[in-house]
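> Show me how the following folds:
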Amino acid sequence: MTKHVAVLMGGWSAEREVSLVSGAACATALREAGYRVTAIDVQRDVGALLTRLFPRPDVVFNALHGRFGEDGCIQGLLNILDIPYTHSGLLASALAMDKPAAKRLFWAADIPVAEDAVVTLEELKEGDPLERPYVVKPPNEGSSVGVFIIREQGDINTVIERWPFGAEAMVERFIPGRELTVAVMGDRALAVTEITTEHGFYDYDAKYAAGGSRHLLPAPLDAEVYDEALRLSARACAVLGCRGVARADFRYDGDTLFLLEVNTQPGMTPTSLVPEQAAHTGISFAELCTWMVESAECDR
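This is a model prediction of the structure:
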């Protein structure tokens, strides 16, 4: 019998539009691979989602990005329903999305991370919590949503006035240097890509706007640094307990590789970073999506 795959996409996070593109691409690839596919645009209505998930699919392909889709919420629901799903389980998803918690685990595992502090907006108004330049970001968003770099002459009050992410912010030492990323497929780190952009850093527009960034694959690094990026990526995913496909992002200052975060729901269009690295290692987009479906599981 043909396996039935429900592809969850959309959602209501700040990354809704990106998720719709990822989900549509994965649904097309899975149909071409011979699966019976139901595409579901997830709205903030759990009853409607439960209705769409019956008759029960064999597998859920989770193409949701951002909060509620990759922070453990949808994973918990699918665990209750006992439906296998792609990507990481509840705990790994929640940990990876909680940047301060994830960084504590990375630090304990001897994975270099930038100095940081979680502060209230009131504390941020009172003065710089770290020496400038530093980065201000939400503790639990993805795709560089809400990320600001405060340089020597930057006005922190402008950031505070535009801050819609709650009463706290994560402040992190700015690491100058090169932007690197590594896709991890199961326990295998695939390749290292260097990302260059004229935006100053790899922000939301650089990630998703046409011409916003350039990918150098494989990254032009010394072999020792390249291999260390692969090793640290696999290690970081193992520390969090990730499964399926994930992506580790780094800054390299010419001396040290600093892990910025692990993304448990990376972009999945045919030209996204993870499929691009998979293709570099001889794995087509359809084969990647098929592997994710066949490797799907839920927490039991």
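
> C-alpha coordinates for the helix or strand containing residue 225, CSV please?
Secondary structure from DSSP states H and E places residue 225 in helix 223-240. Provided in CSV are the C-alpha atoms of helix 223-240 (Å, rounded to 0.1, in the frame of the first residue of the first chain):
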residue,chain,number,x,y,z
ALA,A,223,41.2,21.1,6.1
GLU,A,224,41.6,21.1,9.9
VAL,A,225,39.0,23.9,10.4
TYR,A,226,36.6,22.3,7.9
ASP,A,227,36.8,18.9,9.7
GLU,A,228,36.4,20.6,13.1
ALA,A,229,33.2,22.3,11.9
LEU,A,230,31.9,18.9,10.8
ARG,A,231,32.8,17.4,14.2
LEU,A,232,31.3,20.2,16.3
SER,A,233,28.1,20.1,14.3
ALA,A,234,27.5,16.4,14.8
ARG,A,235,28.5,16.8,18.5
ALA,A,236,26.0,19.7,19.0
CYS,A,237,23.1,17.8,17.5
ALA,A,238,24.0,14.7,19.6
VAL,A,239,24.1,16.9,22.8
LEU,A,240,20.6,18.2,22.1
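
> From the contact counts, what lies against that helix?
The elements that helix 223-240 packs onto, with contact taken as 3 or more Cβ pairs under 8 Å, 6 or more residues apart in numbering; DSSP states H and E, are helix 90-97, helix 99-108, strand 178-185, strand 188-196, strand 245-252, strand 257-263. (Glycine included, C-beta is placed from N, CA and C.)

> Does the second one pack against any helices or strands, and if so which?
Contact here means 3+ Cβ pairs under 8 Å, 6+ apart; on that basis helix 99-108 packs against helix 90-97, strand 116-120, helix 223-240, strand 257-263.

> what's the angle between the first one and strand 245-252?
Spelled out, it's helix 90-97. Note on geometry: by axes from the mean of the first three to the mean of the last three Cα atoms, to 10 degrees, helix 90-97 and strand 245-252 are set 30 degrees apart in direction.
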